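# this one's structure only:
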């Protein structure tokens, strides 16, 4: 299937037979992440385990009119220790996914990448955003706007594999993957076009699972059916992409922000490729938008349960 | 000054004391460029000289209900020869700027770069778009989405110099230049941030003329005042950029297309850095939009005349 709105993803998680997801919050000592948790919990989407300094967490909970005794709080002496403990909760099956609290992304990943935390599964870690754009007929993914700076061809393969696997778990059917470049012509002066062509071939060979890969392809042919028709670029995408893959972080970051500030999009992002998704909630998000990334992560883990229970 | 719409640029050209601009059309053998010329001529913006196969040009003029005897048509045996002749018309002062007709951009530039055409002045050639975005308070520039693929630091300097010089000639006052990256932090793993910092320093040293340069800066801080306030990034730009400089063609191309298809922008592009601007008209543009790039070019040459006549 495809989704027309983020709300449809919320509905899918709420209507799932698998009940609420358990989420481990890494250093839950700040209010914006607790607000997101509170809202997602109220809507029946998640049950949290809060890791971090117990006294500070309790204080924050009281401030937000949340009852400390209603929550499982596990004390950690440092943000890094909170990350390690949260990673272990994922590895042991206590939790389904993680949420970043009051810790930098870099420090969090470093702690999670330790042997003790047991978060990595051997693959690359990457970032996936799911975007709702007004006047666009469906939700689509964008990768990687946050973690991999200048990925190599092999890293791009892992980025696509992560994103496609996650989108399949979320319920997207056979994603149409557009590997973006500035042109549709493979040209040795334009490195992104060479990688894009190689990724198309890898996709055709089934390296990324159930999806269709096109590249190099420019944004208009990936996202605008009329442009695809005018330019007569023969492709299975034809302006109907489910996943946009950018050649490096600069173009991905510029794109996601242009979609937001010029296109008034809403988006939610998660870190994928580890033992479970990690949610990066946005401090700047409006209250009702704060829990969307939690929904994405919950949605992805429901798919995983469904797949493994087949 | 700043402009709120492309129409204001049209008004400026029409109200200029310097009369209409003379434009040389390179291989004027196809209808879409002749339509653009016809509309701009009707509005008193340009007087054309048409270079190319005389018989074919006359045939196209008749088809468009344009009277061949009303036009100066100069015969060329090939598209390349038309480019060379048009270049010479610019060098001799007969024409103010060029318009690309029925010839590929690559072939056109190659012919113009010949000694015979005398188009180059020693600098780099680059592309500048001027963009009108709904709900955005003013026009802004974007460079380089069409010519330079992976510019070096020196080439980026030339790209900025070209764009700033052109925007000043168009009447933009002291452009605020945002050198885009994925972050505001200079980081050795992210090459675009290093170049951006170097370009800021060059801007402060006055290398680009009358402008203010900030970088590295991400799209939201360059274009959204609220984001700039929330993130408290201390900068003269603060969401009010006049010119966006992308680190390479991929991000520029993705950005300009995202602005168009997600943000419903209108834009017009010209090639700058030579003896005069070159207009690349879009075949896909709606009729009334076709002549905007001609207006940009005309506007830039009026500024040039004003500067040199001081």
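Right, received. Where do you want to start? Here the structure is a predicted model, which is why all the values come from computation and not from measurement.

# who are the neighbours in contact with the residue in the stretch 1-150 of chain A that chain B sits nearest to?
Closest approach of the stretch 1-150 of chain A to chain B (C-beta to the nearest C-beta) occurs at residue A:149, with a separation of 5.4 Å. From N, CA and C alone the C-beta is placed, and that goes for glycine too. Shown in contact with residue A:149 (C-beta atoms under 8 Å, 6 or more residues apart in numbering or on different chains): A:248, A:249, B:182, B:189, B:190.

# just the buried members of these?
Among the contacts of residue A:149, those classed as buried by 16 or more other C-beta atoms under 10 Å in any protein chain shown are A:248, A:249, B:182, B:190.

# In JSON lines: those, plus distance to residue A:143, pLDDT and secondary structure.
JSON lines is the format used below for the buried ones among the contacts of residue A:149 (distance: C-beta to C-beta, whole Å; pLDDT from 0 to 100; DSSP: H, G, I helix; E, B strand; the rest coil):
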{"residue": "A:248", "distance to residue A:143": "11", "pLDDT": "96", "secondary structure": "coil"}
{"residue": "A:249", "distance to residue A:143": "10", "pLDDT": "96", "secondary structure": "helix"}
{"residue": "B:182", "distance to residue A:143": "14", "pLDDT": "92", "secondary structure": "coil"}
{"residue": "B:190", "distance to residue A:143": "17", "pLDDT": "90", "secondary structure": "coil"}
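
# and which of the residues you listed is nearest to residue B:13?
Residue B:13 lies nearest to residue B:182 out of those, by C-beta to C-beta, at 37.5 Å.

# Show residues contacting the host helix or strand of residue A:82.
Per DSSP states H and E, residue A:82 falls inside helix A:79-91. Residues outside helix A:79-91 that contact it (C-beta under 8 Å, 6+ apart) are A:24-28, A:49, A:51-52, A:74, A:76, A:95-98, A:101-103, A:107-108, A:110-112, A:114, A:116-119, A:274-276.

# change it to 6 Å
Where contact means C-beta atoms under 6 Å, 6 or more residues apart in numbering or on different chains, the residues beyond helix A:79-91 that reach it are A:24, A:26-27, A:51-52, A:76, A:95, A:98, A:103, A:108, A:111-112, A:116-119, A:275-276.

# any idea of the mean pLDDT for that helix?
Summarised as a single mean, pLDDT over helix A:79-91 is 97.

# Please give the centre-to-centre distance between whatever helix or strand comes next after it and its chain.
As assigned by DSSP H and E, the chain's next helix or strand after helix A:79-91 is strand A:97-100. A distance of 11 Å separates the centroid of the chain from that of strand A:97-100, by C-alpha atoms, centre = their mean, to the nearest Å.

# Ok, stretch A:197-213 next?
The chain centre lies 20 Å from the centre of stretch A:197-213; the measure is C-alpha atoms, centre = their mean.

# go on, stretch A:228-236?
Distance, stretch centre to chain centre, for stretch A:228-236: 29 Å (C-alpha atoms, centre = their mean).

# which residues sit against the helix or strand hosting residue A:169?
Here residue A:169 is covered by helix A:153-170, with elements defined by DSSP H and E. Here helix A:153-170 makes contact (C-beta under 6 Å, 6+ apart) with A:123-124, A:126, A:128, A:141, A:143-144, A:148, A:175, A:195, A:198, A:202, A:208-209, A:211, A:243, A:245, A:272-273, A:299-300, A:303-304.

# out of those residues, which are buried?
Buried among the contacts of helix A:153-170 (16+ other C-beta under 10 Å): A:124, A:126, A:128, A:141, A:143-144, A:148, A:175, A:195, A:198, A:202, A:208, A:211, A:243, A:245, A:272-273, A:299-300, A:303-304.

# Helix, strand, or coil at the residue positioned nearest the centre of chain A?
Closest residue to the average C-alpha location of chain A: residue A:270 at 2.7 Å, with C-alpha atoms, centre = their mean. Of the three states, residue A:270 takes strand under DSSP: H, G, I helix; E, B strand; the rest coil.

# Count the residues that sit near the closest residue to it other than its chain neighbours.
The shortest distance from residue A:270 to any non-neighbouring residue, by C-beta to C-beta, 6 or more residues apart in numbering or on different chains, is to residue A:277 (4.5 Å). For residue A:277, the count of nearby residues is 28 (other C-beta atoms under 10 Å in any protein chain shown).

# and if you look at residue A:230?
With other C-beta under 10 Å as criterion, residue A:230 counts 13.

# can you tell me the helix or strand for it?
Element membership for residue A:230 (DSSP H and E) is helix A:225-231.

# who's in contact with that helix?
A:220, A:221, A:238, A:239, B:284.

# Ok, stretch A:106-116 next?
Stretch A:106-116 is contacted from outside by A:26, A:80, A:83, A:84, A:87, A:100, A:119, A:120, using C-beta under 6 Å, 6+ apart.

# would you list these in CSV and tack on neighbour count and distance to residue B:166?
Output for those, formatted as CSV (neighbours: other C-beta atoms under 10 Å in any protein chain shown; distance: C-beta to C-beta, whole Å):
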residue, neighbour count, distance to residue B:166
A:26, 30, 49
A:80, 19, 51
A:83, 31, 50
A:84, 22, 55
A:87, 29, 53
A:100, 24, 44
A:119, 26, 51
A:120, 17, 50
